[in-house]
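A.B. asks: just need the structure, nothing else, for what follows:
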Amino acid sequence: MSLPEQPTLPAMPPPLPQPSLGQLVESLLFVAGEPVTVRQLAQTLEVDEAALRVALDELAALYVGRGVRLQRHGDQVQLVSAPESAAALARFLGVQTSGRLSSAALEVLAIIAYRQPLTRAQVDAVRGVDSSGTVRALLARDLICEAGRLETLGRPILYATTPTFLQQFGLGSLAELPPMDLDGRG
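C.D. replies: Residues are numbered from 1 along each chain as shown. As a prediction, this is how the structure comes out:
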């Protein structure tokens, strides 16, 4: 009497290779879908912030000329689509492009971007006109945000740009703002 033949079991797949720090950071940023701090990433991956910053620099260099970018805003980072892909993405997603910013809104946004953080009164002093409506419109579009309060009488709100500002203008960080031409010679 012979025993029935046992089916052979498939071989176990080889173990997965250990991912690099860059691969782990990229994976976390991909699933996060929103800005995360360098500290959050370092704590999650149990690495020091210096090593994490090196990995972020390597990822940013890897993405140059690609369809995604590593965007930095202060101590926050996130993966975003390349700004030059905006038209195709809008068509794909069926997004209607929102209205353009008025010249007043662009002026207020430029003042805040280059001098942030600053108060509405400081913006008004640069422009010479009231900017309260324009500031409200920029807040509603998430291009600026409240960044604290000035330690002075009345404790006025300080405004700064947001990661949405960087995305809308195709910037990886505030360091990529073009230099100011104060003498007007181009």
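A.B. asks: helix, strand or coil: sort out the residue nearest to L139 when sequence neighbours are not counted for me.
C.D. replies: Excluding the flanking residues, the one nearest L139 by CB to CB, 6 or more residues apart in numbering is C145, at 7.1 Å. Bear in mind the C-beta positions are built from the backbone N, C-alpha and C, glycine included. On the three-state scheme (DSSP: H, G, I helix; E, B strand; the rest coil), C145 is labelled strand.
A.B. asks: ok, now how distant is C145 from P7?
C.D. replies: Distance of C145 to P7, computed by CB to CB, to the nearest Å: 62 Å.
A.B. asks: avg pLDDT for the longest helix seen in the chain?
C.D. replies: In the chain, taking DSSP state H as the definition, the longest helix is helix 49-63. The average pLDDT for helix 49-63 rounds to 94.
A.B. asks: swap in stretch 171-182?
C.D. replies: 83.
A.B. asks: and the worst-scoring helix or strand of the chain on mean pLDDT, what does it pack onto?
C.D. replies: When each helix and strand of the chain is scored by mean pLDDT, DSSP states H and E, helix 86-93 comes last, with a mean of 77. Of the remaining helices and strands, none touches helix 86-93 by 3 or more CB pairs under 8 Å, 6 or more residues apart in numbering; DSSP states H and E.
A.B. asks: next structured bit after that helix?
C.D. replies: Later in the chain than helix 86-93, the nearest helix or strand by DSSP states H and E is helix 103-115.
A.B. asks: quick check: which helices or strands does that next one pack against?
C.D. replies: On a contact count with 3+ CB pairs under 8 Å, 6+ apart, helix 103-115 meets helix 120-127, helix 132-140, strand 157-161.
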